[in-house]
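Asks: After the sequence you'll find the predicted model.
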Amino acid sequence: METGITMRERDPRKHNQHVIPGIDVFLNEHLDWVKDKNVGLITNPTGVDRRLNSDIDLLHQHPDVHLIALYGPEHGIRGNQEGGEHVDTYMDQRTGLPVYSLYGSSWKPTKKMTEDVDVLLFDIQDIGSNVYTYIYTLGFVMESAAEFDKEIIVLDRPNPIGGTKVEGPLRSPDAVSFMGRFLLPVRHGLTVGELATMWNHEYNLDVNLKVAEMRGWKRAMHFEDTGLPWVMTSPNIPTQASAYLYAGTELLADTTLSTGIGTTKPFELVGAPWVNGEELEKEMNNRELSGVLFRSVYFTPMHGEDEGKLIGGVQVHIVDPSKIDLVALGLHLVDAMRNQSPDDFVMESGYVNIIGNREVPEMIMNQESVDKIIASWTAELNQWISEVRNQYLLYS
C-alpha cells in the first residue's frame, strides 16, 4: 500500500489550481521595474519558470533586461557544490557572466561585486525552515543593498510546507549564527517575499524593495497543490517529501542520531547504529502523531558522518502534510531514540543553533516530556505570530 504524500485526501478548494511563480509574473507584468537598469541575479537551479526554463537564460536572453552579474548561494548557481563547501567566484560558461559567491570568503555582496549593478533580483526556492541557508543569503543581500543603495526585487515562490503552521521556539539573540541570522521560529510559515518584507521593516533596513507576488498561491497549499514542477533545492533535499520533513527531522542533527544523509531518502530515514528499528516503529506509531506513519528500516549511508555504518531506525511516511506538527515530530523522534539507549545519545554544543534556544537542549538531555518542552516557548511564539509575523502576510 502506498503511504506517501499521494495518500492524502485532495481538497477541491486547493487542487487543480496552477500557481504562477514570481519569475513569470515579473516577466509578464513588471519589466518596467528594471527598465534602463543594470541587473544582478541571485539564484540557483530552483530559479525556473513554470516550464522549467532557467531564470538565468530567460533574463540573459530577454531584450528588455540588462543582466550583468550572477550571485550564487550555498551549493552554487548550478547546484554542483556540496553543503557547507565554500564556493569560489568564477565565470559562467553558458552566459559569460561573472558569478560571485555568497557562500565563500564573503556572505554578502561587497561594494566591488555590485558597483555596476542597479537592482538585485532574488529567486531561490526556500523550504520553510529557519536553518535552511538560502533565506539568510537574502538577508545578507538586503543588508548589502541598504549599505550600497541598491534596489531589490524578490521573485516570490511557494512555501512548500504551507503558510499556515508556525512552530518551534523563536530564535533567541544568543543563538544566532549564519543559519539563524534573523530571529525566526523553526517553522516560520512565510514565503521568501514575506520574509523580505518583514525584515525590511522589523530590522529598519529601509531597502527599496519590491516583491513580484505569485498568482494563485494560498496559505493552505502545499507544494503538490501548486501545479508547479518540483526542482530539488539542494543535494540533500531531492524530493517533496524530504522538503516537507526537513523542518522536523533536521532536529536530529548535531546529535549521535542520523538524519538519513548519505541515502536516497535524506530526512525521511532516521535512526542510529544502536537503535532497534522494530521497537522504534512500535513506539512512534503508538504516539499517534498526526499526518505520519512509521515503518522499521535498516540502512547504510554511502557518505557523510555515518558512511558505511548500519543504522537502525524508521522511515517517516507522510499521510497528510497539512496535519503534521513538524517540530513535535522531530522532538518525539529524538525522545524515543534517546530513551532506547541514553548512554549512546550525545548532543553537540551546536544543537543550540539548530533549535534556536539555549534551554531546549538541556530539557532534552534531562528527559523532559515533549509537551513540556513545547509549552516552554508557546506564549512567546504566539505573541510573535500576532504582533510581528501576521503583519507582513502578502497572501490570503
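Replies: Structure received.

Asks: tally of neighbours for the closest residue to Val275 other than its chain neighbours?
Replies: Closest residue to Val275 apart from its sequence neighbours, by C-beta to C-beta, 6 or more residues apart in numbering: Gly312 at 4.3 Å. C-beta here means a position set from N, CA and C on the backbone, and glycine is covered the same way. Gly312 has 21 neighbouring residues, counting by other C-beta atoms under 10 Å.

Asks: can you check Thr95 too?
Replies: Considering only other C-beta under 10 Å, Thr95 is surrounded by 16 other residues.

Asks: ditto for the one 3 residues further on
Replies: When neighbours are defined as other C-beta under 10 Å, Pro98 has 15 of them.

Asks: Okay, it and Pro273: tell me how far apart.
Replies: Separation of Pro98 from Pro273 (C-beta to C-beta, to the nearest Å) stands at 46 Å.

Asks: so who does the nearest residue to Gly304 once chain neighbours are set aside touch?
Replies: The shortest distance from Gly304 to any residue other than its chain neighbours is 3.9 Å, reached at Gly262 (C-beta to C-beta, 6+ apart). Taking C-beta atoms under 8 Å, 6 or more residues apart in numbering, we find Gly262 in contact with Pro301, Met302, His303, Gly304, Asp306, Glu307.

Asks: so what's the first one up against?
Replies: The one in question is Pro301. Applying C-beta under 8 Å, 6+ apart, one finds that Pro301 lies in contact with Ser258, Gly260, Ile261, Gly262, Thr263, Glu307, Gly308, Lys309, Ile311.

Asks: Chain neighbours aside, what residue packs nearest to the second one?
Replies: Think Gly260. Here the residue nearest Gly260, using C-beta to C-beta, 6+ apart, is Leu269, at 3.5 Å.

Asks: got a list of what the one you found touches?
Replies: Leu269 neighbours (C-beta under 8 Å, 6+ apart): Ser258, Gly260, Thr263, Val297, Phe299, Ile311, Gly313, Val314, Gln315, Val316.

Asks: what distance separates stretch 212-219 from the centre of its chain?
Replies: Stretch 212-219 sits 18 Å away from the centroid of its parent chain (C-alpha atoms, centre = their mean, to the nearest Å).

Asks: how close does Leu59 sit to Ser177?
Replies: 32 Å.

Asks: out of these two, which sits in the more crowded spot?
Replies: For Leu59 versus Ser177, the count of surrounding residues by other C-beta under 10 Å is larger for Leu59: 24 against 14.

Asks: for the stretch 101-250 of the chain, what spans make up the strands?
Replies: Taking DSSP state E, counting those that start in this stretch to define them, one finds strands in the stretch 101-250 of the chain at 119-123, 151-155, 208-212.
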